[in-house]
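Chemist: just need the structure, nothing else, for what follows:
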Amino acid sequence: MKQLARKTIKSLWVAAGLLFAAIGVIGLITPLMPGLVFFLIATFCFAKGSRKFLRLLISNPHIGPQILDFKRGKGMTRGTKISALTVLWIGVIVSAFFLVKKVWVSYVILATGIAVSAIILSRKTKK
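Modeler: Numbering: from 1, shown residues only. Next comes the predicted model:
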């Protein structure tokens, strides 16, 4: 019974990882949606569910180096920071001021934008 429960939990982690990886791919294509965040979440899920999928994601030549740099604390390039902040704040401003009708939701969106900006700016800037 415990074996079945363990396999079920691992399968759920893999399913979540696949979902977040798919959203990450969409994020790479969509201009206002950052993909790296979803790939980082997928990495976490795969670490819990499947080393095989984790290796596949990390060995991807397009996204793997960014994931590894983030996890190792090596930082982000200046261009990546500028892109991330620009896309973030376009999305925050459009959402908070034009799409949302409840003022408190706008405040939550703005607070989230500030928090994510702080995280991005706190990372080292690589050359």
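
Chemist: what's in contact with the helix or strand encompassing residue 120?
Modeler: In this assignment (DSSP states H and E), residue 120 forms part of helix 103-122. Around helix 103-122, the neighbours that count as contacts under C-beta atoms under 8 Å, 6 or more residues apart in numbering are 76, 81, 84, 85, 88, 89, 92, 95, 96, 97, 100. Every C-beta, even on glycine, is put in place using the N, C-alpha and C of the backbone.

Chemist: starting at the chain centroid, how far to that helix?
Modeler: Averaged C-alpha coordinates place helix 103-122 at 15 Å from its chain's average position (C-alpha atoms, centre = their mean, to the nearest Å).

Chemist: now swap in stretch 67-79 and tell me
Modeler: Relative to the centre of its chain, stretch 67-79 is centred 13 Å away, using C-alpha atoms, centre = their mean.

Chemist: re the thing from before, TSV for the contacts of helix 103-122, including pLDDT and distance to residue 109?
Modeler: Putting the contacts of helix 103-122 into TSV (pLDDT from 0 to 100; distance: C-beta to C-beta, whole Å) gives the following:
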residue	pLDDT	distance to residue 109
76	80	23
81	83	21
84	80	16
85	86	15
88	82	11
89	90	11
92	89	6
95	90	5
96	91	4
97	93	9
100	90	7
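
Chemist: so which elements touch the host helix or strand of residue 52?
Modeler: Here residue 52 is covered by helix 51-58, with elements defined by DSSP H and E. Contacts defined by 3 or more C-beta pairs under 8 Å, 6 or more residues apart in numbering; DSSP states H and E place helix 51-58 against helix 2-29, helix 36-49, helix 64-71.

Chemist: okay, now the unreliable bits of this protein?
Modeler: For the chain, applying pLDDT under 70 flags the ranges 1, 31-33.

Chemist: give the contact list for the residue most central in space within it.
Modeler: Of all residues in the chain, the one closest to the mean position by C-alpha atoms, centre = their mean is residue 37, 0.9 Å from it. Contact partners of residue 37, counting by C-beta under 8 Å, 6+ apart, are 24, 27.

Chemist: can you check residue 41 too?
Modeler: Residues near residue 41 by C-beta under 8 Å, 6+ apart: residue 20.

Chemist: residue 39 too?
Modeler: When contacts are counted by C-beta under 8 Å, 6+ apart, residue 39 is found next to 20, 21, 24, 57, 63, 66, 67.
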